[in-house]
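When you get a sec, could you give me coordinates for this:
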Amino acid sequence: MAEGQIYKIHSDFYYVDDGVNSFECKIREVLKKQKEKIIVGDFVEFDNGVIKKIIRRKNYIKRPSVANIDQVIIVSALKEPDLDLHQLNRYIALAEYYKIPAVLCFNKDDLKWDKHLGENIKNIYGPLGYKIVYTSATEHKGIKNFEKLLEGKTSVLCGNSGVGKSSLINAINPDLNLRTKNVSEKTQRGTHTTRHCEIIKINNSSRIVDTPGFSNVRFDFILPADVDLLFEDIAGFRDNCKYSDCLHINEDGCNVLDNIDKIDSTRYESYLAFIDEAKEYKEKIKFEGKKEEHSKKIVHNKQIAKISEKKRQSARNTLKQKIYKDIENYKEGLENEDE
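Below you'll find the model as predicted:
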């Protein structure tokens with residue numbers, strides 16, 4: 001039995017790399033019925049073109065689906081499109097949620113951009129411990145430093161369309177020749193050139209996961225009370241809040257608000273936006289909880305599922321038919337005795 005990593009999925013075919021060769025495989029029927037689906041990045045056991053087993057993941061990202069990641073490299077453009085710190089905070093928070101180290105790459109350093117922005121970036125994200133690298137894919141500036149960050153790792157590239165993710169990969173290895181497109185002057189956005197999730201070998205030790213997703217990151221899948229854990233600069237003050245469920249908005253005795261001057265305003269604004277999204281999730285599970293509650297009733301101090309009116313009527317009809325049949329059988333039995 002051989003072991004390898006899924007580097008691409010297309011239709012019902014799974015492409016596996018064992019470190020030397022690539023194999024086109026299908027999965028055994030029993031794996032199709034499992035709740036946990038095979039995704040790009042999974043390590044698997046396979047034999048004769050059939051995947052037999054998924055090896056336990058060390059981590060994964062849900063959307064887009066990719067497993068066993070060493071780091072998330074968040075690529076932002078310094079210009080064209082303009083740097084969006086709130087979007088950057090979204091990607092950072094996503095990496096924090098999945099507990100995957102994040103690296104911040106600021107591309108298009110060759111363009112004329114406000115150098116005060118560089119100081120701002122350093123002051124906001126430097127103290128949080130994130131590695132920061134500046135690059136220009138077109139002028140090959142900072143590419144060696146960028147390449148060093150990738151050594152011996154499987155990295156996910158994320159960032160808005162048009163920031164130069166594919167161009168950076170091409171700058172490291174021109175033979176890959178990934179498709180790129182320019183940013184629209186009208187929308188200041190690029191066009192997605194990546195159509196599917198795929199692990200790309202940069203060299204013998206480095207791999208990059210090129211993905212089509214990450215553009216619609218929303219935090220409508222966690223509870224509001226957990227959002228501050230995604231912000232190291234906010235979480236550091238939470239333990240001294242008066243209330244354990246403090247959301248750091250307008251609560252009395254909030255230690256975060258008492259130290260708000262020590263938190264960057266864009267970071268706090270992003271936090272508030274994520275809180276609003278998380279509240280949507282809280283309302284959703286509350287509504288679903290009520291639906292589940294309404295579908296149950298108490299009988300002899302036990303909670304049992306309620307039967308819908310349609311099923312209840314069907315059960316009544318079945319019972320009636322059984323009673324009528326029993327009566328007919330009883331009558332037939334009496335007639336036979338009389339004879």
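
And G236, how close does it get to I222?
19 Å (CB to CB, to the nearest Å). In short, each C-beta sits where N, CA and C put it, glycine included.

One more: L150?
Applying CB to CB, the value for L150 to I222 is 30 Å.

the more surrounded of the two?
L150 (22 against 17; other CB atoms under 10 Å).

Which residues are in contact with that one?
Counting by CB atoms under 8 Å, 6 or more residues apart in numbering, L150 touches I73, I172, I202, S206, I208.

I73 touches E147, doesn't it?
No: between I73 and E147 there is no contact under CB atoms under 8 Å: 11.5 Å.

Those two: who's more crowded?
When neighbours are counted by other CB under 10 Å, I73 comes out ahead of the other of I73 and E147, with 26 against 17.

Tell me the bridge partners for the more buried one.
V103, L157 (DSSP bridges).

what do you get for the one 4 residues further on?
Following DSSP bridges, A77 is listed with bridge partners N107.

What's the separation between it and A137?
10 Å.

Where does pLDDT dip in the chain?
For the chain, applying pLDDT under 70 flags the ranges 179-195, 213-215, 290-312, 330-339.

At which residues are the helices of it located?
29-32, 85-97, 115-125, 143-150, 165-172, 232-238, 255-258, 265-294, 309-338 (DSSP state H).

Out of those helices, flag the one nearest I249.
Among the helices of the chain, the nearest to I249 by CB to CB is helix 265-294 (7.1 Å).

Quick check: buried residues in the closest one?
R267, Y268, S270, Y271, A273, F274, I275, E277, A278, K279, Y281 (16 or more other CB atoms under 10 Å).

mind checking how far that helix is from the chain centre?
Relative to its parent chain, helix 265-294 has a centroid offset of 17 Å by CA atoms, centre = their mean, to the nearest Å.

Tell me if I'm right that I92 and L85 touch.
No: judged on CB under 8 Å, I92 makes no contact with L85 at a distance of 10.0 Å.

quick one, which of those two is more surrounded?
I92 (22 against 19).

excluding its backbone neighbours, what's nearest the more buried one?
Distances taken as CB to CB, 6 or more residues apart in numbering place A102 nearest to I92, at 5.5 Å, with adjacent residues excluded.

and Q5, how many residues sit next to it?
20.

Quick one: residues contacting it.
V16, D17, G41, D42, F43, V44, N68, I199.

Identify those among those that sit within strands.
V16, D17, F43, V44, I199 (DSSP state E).

from those, which is closest to I55?
Closest to I55, out of all of these and judged by CB to CB, is F43, at 4.1 Å.

Check the gap between the closest one and R90 for me.
29 Å.

Next: H196.
In terms of CB to CB, H196 sits 23 Å off from R90.

higher neighbour count, those two?
Using other CB under 10 Å as the criterion, H196 and R90 rank with R90 on top: 23 against 12.

give me every residue that touches the closest residue to the more buried one other than its chain neighbours.
Of all residues not flanking R90 in the chain, V217 sits nearest, at 4.6 Å (CB to CB, 6+ apart). By CB under 8 Å, 6+ apart, the contact list for V217 reads R90, Y91, L94.

count of neighbours near the last one?
L94 is surrounded by 22 other residues when neighbours are defined as other CB under 10 Å.

list the contacts for it?
I61, V72, C158, F214, V217.

The same query, at a cut-off of 10 Å, please.
Each residue near L94 by CB atoms under 10 Å, 6 or more residues apart in numbering is listed here: 61-63, 72, 74, 100, 102, 158, 214, 217-219, 230.

Also I199?
Counting by CB under 10 Å, 6+ apart, I199 has contacts 5-8, 15, 17, 40-41, 66, 68, 154-156, 207-210.

Quick check: the gap between it and Y271.
33 Å.

do the same with S167
32 Å.

End to end on stretch 30-39, go ahead and measure it.
By CA to CA, to the nearest Å, the extent of stretch 30-39 from end to end equals 16 Å.

what's it in contact with?
6, 9, 12, 14, 25-27, 42, 44, 50-54, 57, 60-62, 64-68, 197.

now stretch 85-95: how far from the chain's centre is it?
Relative to where its chain is centred, stretch 85-95 has its mean C-alpha point 12 Å off (CA atoms, centre = their mean).
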